[in-house]
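Engineer: I'll drop the sequence and a predicted model, then ask my questions.
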Amino acid sequence: MSVGTKSTAVDVRITTRAELALHGVRTEAPVRRPDGAGPSDDGHFVLGTGPVDGANAALPRDPASPYSVRDGRVWLGDESGTPTDTGLTLTAVPRPKFYDLTTAEGTPYEHIARLHGADVLATTVVQTCIRYAESDRCRFCTIEESLRSGATTAAKTPAQLAEVAEAAVRLDGVRQMVMTTGTTTGPDRGARNLVRSVRAVLDAVPGLPVQVQCEPPGDLAWIQELYDAGATAIGIHVESLDDAVRRRWMPGKSTVPLSEYEAAWDEAVRVFGPNRVSTYLLVGLSEDPGELIAGAGELIDRGVYPFVVPFRPMHGTLAARDGARAPDAELLRRVTEGVAAKLRAAGMTGADQRAGCAACGACSVLRTAGG
């Protein structure tokens, strides 16, 4: 449904989805991710309506949100106190069965890997990062906070990951897996551990699509190693294409020049193929929205999927401590629609990646916008 003239039409579905991503819902969620390396500490749901029916959605759970859930439908409150049916359905992802299991050593499976969305298994193979000192840390990241809280382990072994993946597929119907890592001291920047982990998981669960995520390795040969190990897709996440923004928000990570990212993306596209490579772009880091959309278009031309996600200051981040705020829904809608149009023109969809953040889509509005 759209309103306005053809030249200024606004898709109400996309606007509502953007507002949900930023303002969340007043409801509970059995599956949530309280902190870690990613962009959100949301509850996990399945969102329904039209072309996004059955789509994964990671949404904040906020008692102050104007959106509530009743009888499986999303309602928007108004000043009169009479709620309006948004036309969306929302179902909380149930707690997976594999969460009730532990390894022989007594480590809960949930501390090794977690469910994201309805069918994605995700893990941070190494839960520490050489860039986590306050002077170097990405201001939106809490990778080591979950370790400090006792919710995970510092390093997951390949055998542990294989054991949990097998159980998650068998018991809960998991259909893809994401492996990320904190940056390590070696020139591979964490790729070596990912290679070992992918091999072990695929020995236990042959054919499971797996995305790996790491910084550009110092030796680009590691990209071929990751592919040869069996990875389906790769994420090399830059978060912003503006060097001034990178220096402010990612002081340690910004020491890796954009030229290294470009070389890594090009090599990854050569090895994995077009639309098997992705990168995060965060909306709301003060980057000019027009430049962000244009930069996303250049990534698409390279064969790289720009996974556009709203910045939301998580509890425990430097950004939250310093009072940073999320972008408004109109900015998120504008950027999302602009990037989605370029993706459609290139014939690229996140679902075609088969594994990874773009394939899951829960943290972004892109799928609602046709990307």
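Structural biologist: Right, received. Where do you want to start? Numbers count the residues shown, from 1 in each chain.
Engineer: which residues sit against the one helix or strand Val201 maps to?
Structural biologist: Secondary structure from DSSP states H and E places Val201 in helix 191-204. With contacts defined as Cβ atoms under 8 Å, 6 or more residues apart in numbering, helix 191-204 is touched by 125-126, 155-156, 158-159, 161-163, 165-166, 177, 179, 181, 184, 186, 208, 210, 212, 214, 217, 222-223, 225-226, 229-231. C-betas here are computed from N, CA, C, even on glycine.
Engineer: with just CA atoms, put that helix into PDB.
Structural biologist: Output of helix 191-204 as PDB, limited to C-alpha atoms (Å, rounded to 0.1, in the frame of the first residue of the first chain):
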ATOM      1  CA  ALA A 191      40.200 -16.500   9.200                       C
ATOM      2  CA  ARG A 192      42.300 -19.500  10.300                       C
ATOM      3  CA  ASN A 193      39.900 -20.400  13.200                       C
ATOM      4  CA  LEU A 194      37.000 -20.000  10.800                       C
ATOM      5  CA  VAL A 195      38.500 -22.400   8.300                       C
ATOM      6  CA  ARG A 196      38.800 -25.100  11.000                       C
ATOM      7  CA  SER A 197      35.300 -24.500  12.300                       C
ATOM      8  CA  VAL A 198      33.600 -24.600   8.900                       C
ATOM      9  CA  ARG A 199      35.400 -27.900   8.100                       C
ATOM     10  CA  ALA A 200      34.300 -29.500  11.400                       C
ATOM     11  CA  VAL A 201      30.700 -28.300  11.100                       C
ATOM     12  CA  LEU A 202      30.300 -29.600   7.500                       C
ATOM     13  CA  ASP A 203      31.800 -32.900   8.500                       C
ATOM     14  CA  ALA A 204      29.000 -33.200  11.000                       C
END
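Engineer: residue ranges in the protein under the pLDDT threshold?
Structural biologist: Filtered on pLDDT under 70, the chain yields the residue ranges 1-10, 33-41, 50-53, 78-80.
Engineer: okay, how far is it across stretch 315-332, tip to tip?
Structural biologist: Across stretch 315-332, the terminal residues are separated by 21 Å (Cα to Cα, to the nearest Å).
Engineer: ok, then the element right after the helix holding Val201?
Structural biologist: According to DSSP H and E, the helix or strand after helix 191-204 is strand 210-213.
Engineer: on that earlier part again, now the buried members of the contacts of helix 191-204.
Structural biologist: Burial by neighbour count, judged by 16 or more other Cβ atoms under 10 Å, picks out 125-126, 155-156, 158, 161-163, 165-166, 177, 179, 181, 184, 208, 210, 212, 214, 217, 222-223, 225-226, 229-231 from the contacts of helix 191-204.
Engineer: what comes up buried for the strand of greatest length in the chain?
Structural biologist: Using DSSP state E to define each element, the chain has its longest strand at strand 84-92. Residues of strand 84-92 classed as buried: 86, 88-90, 92 (neighbour count, 16+ other Cβ under 10 Å).
Engineer: can you tell me the strand partners of that strand and which way each runs?
Structural biologist: Note on strand 84-92: by DSSP bridges, its sheet partners are strand 43-48 (antiparallel), strand 73-76 (antiparallel).
Engineer: what does the first one rub up against?
Structural biologist: Applying Cβ under 8 Å, 6+ apart, the contact partners of strand 43-48 are 17, 25, 27-29, 31-33, 54-61, 88-93, 115-118, 362.
Engineer: roughly how far out does the helix or strand following it sit from the chain middle?
Structural biologist: Using DSSP H and E, the helix or strand that directly follows strand 43-48 along the chain is strand 55-59. Centroid separation between strand 55-59 and its chain, computed with Cα atoms, centre = their mean, to the nearest Å, is 11 Å.
Engineer: what packs against strand 55-59?
Structural biologist: Contact analysis of strand 55-59 by 3 or more Cβ pairs under 8 Å, 6 or more residues apart in numbering; DSSP states H and E lists helix 12-23, strand 43-48 as its packing neighbours.
Engineer: make a markdown table out of the ones you listed and add distance to His237 and mean neighbour count.
Structural biologist: Converted to a markdown table, the helices and strands packed on strand 55-59 look like this (distance: least, Cβ to Cβ, whole Å; neighbours: other Cβ atoms under 10 Å):
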| stretch | distance to His237 | mean neighbour count |
| --- | --- | --- |
| helix 12-23 | 18 | 22 |
| strand 43-48 | 20 | 22 |
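Engineer: how about the ones you listed in JSON lines, adding distance to Phe140?
Structural biologist: Listed next are the helices and strands packed on strand 55-59 as JSON lines, based on distance: least, Cβ to Cβ, whole Å:
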{"stretch": "helix 12-23", "distance to Phe140": "15"}
{"stretch": "strand 43-48", "distance to Phe140": "19"}
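Engineer: mind checking which of those is nearest Arg333?
Structural biologist: Closest to Arg333 of the helices and strands packed on strand 55-59 is helix 12-23 (Cβ to Cβ; 4.6 Å).
Engineer: show me what the closest one is packed up against.
Structural biologist: On a contact count with 3+ Cβ pairs under 8 Å, 6+ apart, helix 12-23 meets strand 55-59, strand 67-70, strand 73-76, strand 84-92, strand 304-310, helix 329-346.
Engineer: the fifth one to helix 12-23, inter-axis angle?
Structural biologist: What that stands for is strand 304-310. 70 degrees (axes from the mean of the first three to the mean of the last three Cα atoms, to 10 degrees).
Engineer: just to revisit the earlier point, can you list the strands paired with strand 84-92 in a markdown table and add distance to Glu260?
Structural biologist: As requested, the strands paired with strand 84-92 are exported to a markdown table (distance: least, Cβ to Cβ, whole Å):
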| stretch | distance to Glu260 |
| --- | --- |
| strand 43-48 | 33 |
| strand 73-76 | 42 |
